[in-house]
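Engineer: generate coordinates for the sequence data below:
(chains A and B)
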Amino acid sequence: MVSGERGQLYTIEGFAAALIMVITAVLVVNATSIYTAGDTHINDMQLEALGSDTLKMMDVAPNISVEKAPLQEIIENTPLNSENATFKTMFLKLSNISGTGPIHDIQFVANYSCRNNNDTVAIYPLASSDRHFTGGEHTVRATKWVIVNKQVCDSAGPQNRAVLVEVLLWRD
Amino acid sequence: MRFQERWLYNMTNDSGVLSIDFLVGFTIFILAFIWVVSLIPGLLIGLQAHTIDYDAVAYRTGVILVEDPGEIVAQNITAPWESLPVGRVARFGLAISRETPNILSEEKVNRFFCTTVFNDQKYYKDKAIFGDYPYHFNISLSDGEAPPLKTGDVLPEGYGYIRRLVKIKGASNATINGTSIPPYFISTDQNVTSHTFSILINTPRLYTDVTDPSYRIDPVKDQIMINITNLTSTKSNSTANVNLTSITIKGVPYYSSIPYTSISLDGQNSTLPHNVTEEVSIRFSPRFFQGVYEGIYDPALYQPILVNLTFDLTANSTFLNNTWSSPFDYNYDPANVTQPQLRDAVMEVAVW
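Structural biologist: Sure thing, here's the model as predicted:
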């Protein structure tokens, strides 16, 4: 019946063309969902915000009758070069508070520092979690300046000094 | 008919004729083509990198809520947004002031999570989350004691989120105990049926005595609660029934027989007269004092307020009465007033 078949598409060609288009589309769609290097910083940002908030909230007194914020009191009451258990308990309690989101299992190491008269920096340990810091962890850093009345660095006696509290924290 | 048959049977050339085979093949091709074309907008969305965007939006929303006191649609007033109707709110923000990030106002928190006021998710999307993309969200605030406050949709599998630690500034309150009350608060020489008890809210002094808004007693922005307990011990005639009949300021009755939402008596917006037995609690919403100051929010213009509570008794008796002595001063003395407490809480914002 049909003698001239040039220029005609048949079912099998239709299928083939459709298949090629669909496979191409699927490949392209998958190729665009790339996990970029930038994504990895989101976790760091979330952890840093949490660490920073924790230090900030530890430096707020619960009411007007309390003269010193917990963080200030902890530093003042901790002898130089020894660790403070209250800081550890408080920091872990605040940073591990779990709401509806993913549970955090946070480890940390904290110290505070101030400047000596000869422009060197003295660093004093403050507290650390049970899992000790080995240096291989992927940590973020949270800091807070605190005014304390204490004999630190080259102070002659207890006096108001600004110390920088620094916490390195990571997820276990 | 005859002509058509003859035309069909006499067809010697098939050029221009569509075969069924071709129609089927072409239809399949077109359907697949349409499907592929419809994927093109999806390709562009894929390039937006959802996860990065969601986390960034969650972070931004967290900052807006935790570090900002909010904003109203400017109309020559400076009222806090939580006292205004929905339409006047330009941006949500729960911080008590710009200088105190992470310290949240309980009034703002309660208003923000009040789903009877903000009964549509578009309010949260327009005034807290922002952005053209129709984000889904879930915002929660938990202080570890009460059930968490929540708004938004149920969390799916994957979402962008941020967790912020905050403190919520609670309301101050005063408990006036009938058994340990200073003698000048009871009218031993006044055996009458009507007694007035005055409470001094000295707003200008409350503002100057404490400048840090985190610890300030602020009648215009925070609730004030007065509990009067052990009232029987103040009565010389125990058979006398007591009714709280009016609450006035400068002689103006701010609370009459109409239920008034700005004052709550014993936990509810009841009407006056209110029967009082052993104890009574009176909670003043900030709106009450905003009304007294007639919508002016300039601390320099605030005047001290004397709140007079009038109690009528069914028989002559002594009762709580400081008409001839000094009013009860609502101040920063911990013996008089339990000061505002800051309690820990965690706010989580999830966006997807």
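Engineer: contacts only, for the residue lying closest to residue B:107 once chain neighbours are set aside.
Structural biologist: Excluding the flanking residues, the one nearest residue B:107 by Cβ to Cβ, 6 or more residues apart in numbering or on different chains is residue B:82, at 5.2 Å. All C-beta spots, glycine's among them, are computed from the backbone N, C-alpha and C. Taking Cβ atoms under 8 Å, 6 or more residues apart in numbering or on different chains, we find residue B:82 in contact with B:70, B:105, B:107, B:108, B:110, B:111, B:112.
Engineer: wait, does the longest helix belonging to chain A contact chain B?
Structural biologist: The longest helix of chain A (DSSP state H) is helix A:11-32. Yes: applying Cβ under 8 Å from any Cβ of the partner chain, one finds helix A:11-32 in contact with chain B at A:11-15, A:17-19, A:21-22, A:24-25, A:28-29, A:32.
Engineer: can you give the distance of that helix from its chain's centre?
Structural biologist: How far helix A:11-32 lies from its chain's middle: 43 Å, per Cα atoms, centre = their mean, to the nearest Å.
Engineer: give the rounded mean pLDDT of stretch A:139-148.
Structural biologist: Averaged across stretch A:139-148, pLDDT comes to 91.
Engineer: now do the SS call for the residue nearest to the spatial centre of chain B.
Structural biologist: For chain B, the residue nearest the mean C-alpha position is residue B:111 (1.3 Å; Cα atoms, centre = their mean). Under the three-state scheme (DSSP: H, G, I helix; E, B strand; the rest coil), residue B:111 adopts helix.
Engineer: going by residue numbers, what spans are helices in chain A?
Structural biologist: According to DSSP H, the helices that chain A contains are A:11-32, A:40-58, A:70-77, A:85-95.
Engineer: hey, least reliable of those by pLDDT?
Structural biologist: Mean pLDDT per stretch puts helix A:11-32 lowest among the helices of chain A, at a mean of 81.
Engineer: list the buried ones in it?
Structural biologist: A:11, A:13, A:14, A:17, A:18, A:21, A:25 (16 or more other Cβ atoms under 10 Å in any protein chain shown).
Engineer: where does the stretch 51-200 of chain B get nearest to chain A, which residue?
Structural biologist: In the stretch 51-200 of chain B, the residue that lies nearest chain A is residue B:165 (3.9 Å; Cβ to the nearest Cβ).
Engineer: contact partners for the residue nearest to that residue when sequence neighbours are not counted?
Structural biologist: Of all residues not flanking residue B:165 in the chain, residue A:53 sits nearest, at 3.9 Å (Cβ to Cβ, 6+ apart). Shown in contact with residue A:53 (Cβ under 8 Å, 6+ apart): B:102, B:164, B:165, B:166.
Engineer: what number of residues are in the vicinity of the last one?
Structural biologist: Same thing as residue B:166. 27 (other Cβ atoms under 10 Å in any protein chain shown).
Engineer: and residue A:161, how far from residue A:60?
Structural biologist: Counting by Cβ to Cβ, to the nearest Å, the gap from residue A:161 to residue A:60 is 20 Å.
Engineer: could you do residue B:101 as well?
Structural biologist: Plainly put, residue B:101 is 11 Å away from residue A:60 if you go by Cβ to Cβ.
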